[in-house]
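*Asks:* predicted model and sequence below, questions to follow.
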Amino acid sequence: MTVQAIRKLNNNRYVITLDNGEQFPLYRGELSSMRIEEGEAIEASTYEHIMNDILPKRIRLSGLNLLKNRMYTEHQLRDKLVGRYYPDEIIDDAMEYFRDLKVIDDRRYCMDYYHCYSDTRSAKRLFNDLMKKGVNKSVIEEAYSEYSDSEGTVDEERQILRLMEKRHYDSDSADTAERLKMRNYLYGKGYNMDLIINLT
C-alpha cells in the first residue's frame, strides 16, 4: 500500500489516504515516528500497528468524550466518527464496544426523548424527530408503546388547546381565514386533522 495523500486537518491532526481509498487520522508526531510520507509505501507492520493498536484506542476515547457531554443515537455517533475519518471496521468495533458498555442505547434515547418532549410535541412529530436522528422505526414504536404503558399517551388535545390560547385564537369568534390559518399551523406541527377540526 502506498500513501496517496496526507492532508492537514488542524495544527496537529492529519488524514492519510492510501492508494486503495482507505483513510485514517494520525497526529503529526506519529507521522514522523512511523516515517509515513506522501508517495511512499507504508510497511505492513506499521499499518497493522495503526489499525490494531492506535486507532481502536483513539476512537473509543473519542466516542466516550462525545458521549460525556450529551446522548447520541447510534446513527448520530457513527456519523460523528465517520466525520473524523476513522475506517468503517474501526467504527463498527467501537460501536460494539459502546453498546456493550451501554453508553449508547437507542431505546433508552427514545424513552428520554419522550419524557422531555411529549408534553409539547405531537406523537407524529416525536416519531419524525427520532426517525431523522437515525433510530430504527421498530425501536421507536417499541419505546413509545413502553412509554405509553407507563406514562400514558401524548395528550394532543391539551397541547392544541394550549397552542390556540398562546396564539390568542378563539374558535367561537374566528372567521374562515383565521380558522384555516390555525388549522394549517397545527397540521404542520404533526397533529391529527380530525382532532384539529374538532377543536378549531
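*Replies:* That came through, no problem.

*Asks:* quick one: contacts for Leu199?
*Replies:* Shown here is Leu199, whose contacts under the criterion C-beta atoms under 8 Å, 6 or more residues apart in numbering are Glu157, Ile160, Leu161, Met164, Ser171. Glycine gets a C-beta too; all of them are placed from N, C-alpha and C.

*Asks:* tell me the SS of the residue most central in space within the chain?
*Replies:* For the chain, the residue sitting closest to the mean C-alpha position, by C-alpha atoms, centre = their mean, is Gln76 at 2.5 Å. For Gln76, the reduced secondary structure class is helix; criterion used: DSSP: H, G, I helix; E, B strand; the rest coil.

*Asks:* does it touch Lys132 like I think?
*Replies:* No - judged on C-beta atoms under 8 Å, Gln76 makes no contact with Lys132 at a distance of 10.0 Å.

*Asks:* can you tell me which of the contacts of Leu199 are in helices?
*Replies:* Restricting the contacts of Leu199 to those inside helices, with DSSP state H as the criterion, leaves Glu157, Ile160, Leu161, Met164.

*Asks:* from Leu61, how far out is the first one?
*Replies:* Right, Glu157. Applying C-beta to C-beta, to the nearest Å, the value for Glu157 to Leu61 is 48 Å.

*Asks:* quick one: the helices in this structure, in order.
*Replies:* For the chain, the helices defined by DSSP H occupy 28-33, 44-49, 55-69, 74-82, 88-101, 106-117, 123-132, 137-151, 156-166, 176-188, 193-199.
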